[in-house]
Structures are given as structure tokens and as C-alpha cells.
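**Q** have a look; sequence and predicted model below, questions after that.
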Amino acid sequence: NAGVTQTPKFQVLKTGQSMTLQCAQDMNHEYMSWYRQDPGMGLRLIHYSVGAGITDQGEVPNGYNVSRSTTEDFPLRLLSAAPSQTSVYFCASSTTALSGTSGEQFFGPGTRLTVL
Amino acid sequence: GEDVEQSLFLSVREGDSSVINCTYTDSSSTYLYWYKQEPGAGLQLLTYIFSNMDMKQDQRLTVLLNKKDKHLSLRIADTQTGDSAIYFCAERDNTNAGKSTFGDGTTLTVKP
């Protein structure tokens, strides 16, 4: 199993550009989520999904869109990049909370995004 | 919303024990987790504890849970330089949404 994969690993954007961060998992997990990690601020939830066709906002959703057309893929779109979106972005997947399993999240390696 | 708090830094000498503390607010959490993040990498699960347990031991790791005080701790025995990393405490919403809330992370530095 590849686990959770993310592409690209690094990206530099200019203010106003748009892009999509890709995330895929091969563990048949229903739950997927996107976080951003900034120094001293831990992980903040951007968007999450409990299954194909179902998405919802997290703590910091503004400026980001997501879709979940398949169980495997959960792309994150930056609509018009701003310097405040410079961060490290992590995708994670897990079983759902009611599955009866321990429900730990499996994280991808991250995308380091710089917006100039 | 739910909140998880932990101290930001801990420094210990190699061979000593490390204790990382965490407090949380969601009393309905079924599982509580400790994740480890090494430089330049994503988070990896270190251990977890089910909410009806008081203690869980796994080799050098001991997790203590005080549900009354909503306090979770991670003890690493015989700390090694390879244990230097950021440690995150997390709890998970007990609904089907299952959102996790993470602490800000404790940076553990192990000095030789």
C-alpha cells in the first residue's frame, strides 16, 4: 500500500494564481481531511469529507475549495493564492469515527507552498 | 469548539524520561491520540488510548489518562536522541463527522 500520497511536494505561486493540491489514498478510508500547519499554530482543519460526494468546512475554509468524486481522491483547490496561504499542507485519511476502529489518521508527506 | 492544549517545548538529557502533558475539552472523545512529527515529514501515529482506560503501555511509551481532569500524558522512558521531534496530542469527535482536534505540538529536544 502506498498509503496517503500528495503532489506536489513543493510549490511556489504568485499572488492571484490558482492551483490544485492533489491527495490520494489506497486504504479505502471514508474520512479524508486537509490541514494547514503554520509555525506555533499546530494543525488547522481546512475541509473534510466523510465519503464520496460529501464535504464540509473545517476551521479555516476561506480561500479553499474541495471535492470528493471518488473514495480515493480529495483534491484541494486554491482559488486565488494570497501570501497568507503560505504554509505546509497535509492531507490525511482514516476510517470514520463510528466504524468501531481506533480511527487514527494517516498523513501524507505534505506540500510546502510559498505564495509570493 | 473543542480545544486541546499542550506545552510547546521540552528539553531532556539522553537516558532520562520525558513527560509530555495535554489537556482537552471534549468529554465525549472515544479515543485520544499521540502523533509524532519528524522534521520535514507528516504526522505518524505513536500510540492511542481508549477513553475507558486509565493507562496504556507500549515498550518505552506509557500513556496516562485522567478523564475527570481531562488530562492526557505521554511518558517516554530512556529517551534517545532519535526521539527528538514534535509530539501532538489529539482527540476525535465522537460523531460520524469524526473531526480531530490537535494541540499545537510539543517540541522535544534530547541532549546527548
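**A** Perfect, thanks for sending it.
**Q** now the chain, which segments are flagged as low pLDDT?
**A** You didn't say which chain, so I picked chain A. Applying pLDDT under 70 to chain A picks out residues A:97-99.
**Q** wait, chain B was what I had in mind.
**A** B:1, B:96.
**Q** which part of it gets nearest to chain A, residue-wise?
**A** Nearest to chain A in chain B, going by CB to the nearest CB, is B:Gly98, at a distance of 3.0 Å. From N, CA and C alone the C-beta is placed, and that goes for glycine too.
**Q** who's in contact with A:Gly40?
**A** By CB atoms under 8 Å, 6 or more residues apart in numbering or on different chains, the contact set of A:Gly40 is B:Leu8, B:Asp104.
**Q** try 10 Å this time
**A** Residues in contact with A:Gly40 (CB atoms under 10 Å, 6 or more residues apart in numbering or on different chains) are B:Leu8, B:Asp104, B:Gly105.
**Q** over to B:Asp69?
**A** Contacts for B:Asp69 (CB under 10 Å, 6+ apart) come out as B:Thr23.
**Q** quick check: phi and psi on it?
**A** Main-chain dihedrals, B:Asp69, degrees, to the nearest 10: phi -90, psi 0.
**Q** picking that back up, state the helix or strand in which the residue of chain B closest to chain A lies.
**A** For B:Gly98, there is no host helix or strand (DSSP states H and E).
**Q** my guess is it contacts A:Gly51. True?
**A** No: between B:Gly98 and A:Gly51 there is no contact under CB atoms under 10 Å: 11.4 Å.
**Q** quick one: A:Leu45 and A:Trp34 touch, right?
**A** Yes: using CB under 10 Å, A:Leu45 is in contact with A:Trp34, at 7.5 Å.
**Q** which neighbours do the two share?
**A** Shared contacts of A:Leu45 and A:Trp34, defined by CB under 10 Å, 6+ apart, are found at A:Gly58, A:Val60, A:Pro61, A:Ala92.
**Q** farthest from the middle of chain A: give me that residue.
**A** Farthest-out residue of chain A from its mean C-alpha position, per CA atoms, centre = their mean: A:Gly100, at 24.1 Å.
**Q** enumerate every residue touching B:His82.
**A** To be clear, residue B:82 is Gly; His isn't right here. Taking CB under 10 Å, 6+ apart as the criterion, B:Gly82 is in contact with B:Glu14, B:Glu38, B:Val110.
**Q** burial count for the first one?
**A** Residues lying near B:Glu14 (other CB atoms under 10 Å in any protein chain shown) number 14.
**Q** which residue packs closest to it, ignoring adjacent ones?
**A** The shortest distance from B:Glu14 to any residue other than its chain neighbours is 5.2 Å, reached at B:Pro112 (CB to CB, 6 or more residues apart in numbering or on different chains).
**Q** now render the contacts of A:Gly40 as a markdown table, adding neighbour count.
**A** Converted to a markdown table, those look like this (neighbours: other CB atoms under 10 Å in any protein chain shown):
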| residue | neighbour count |
| --- | --- |
| B:Leu8 | 12 |
| B:Asp104 | 18 |
| B:Gly105 | 25 |
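**Q** turn the residues you listed into CSV, including distance to chain A and secondary structure.
**A** Formatted as CSV, those follow (distance: CB to the nearest CB, whole Å; DSSP: H, G, I helix; E, B strand; the rest coil):
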residue, distance to chain A, secondary structure
B:Leu8, 7, coil
B:Asp104, 4, coil
B:Gly105, 6, coil
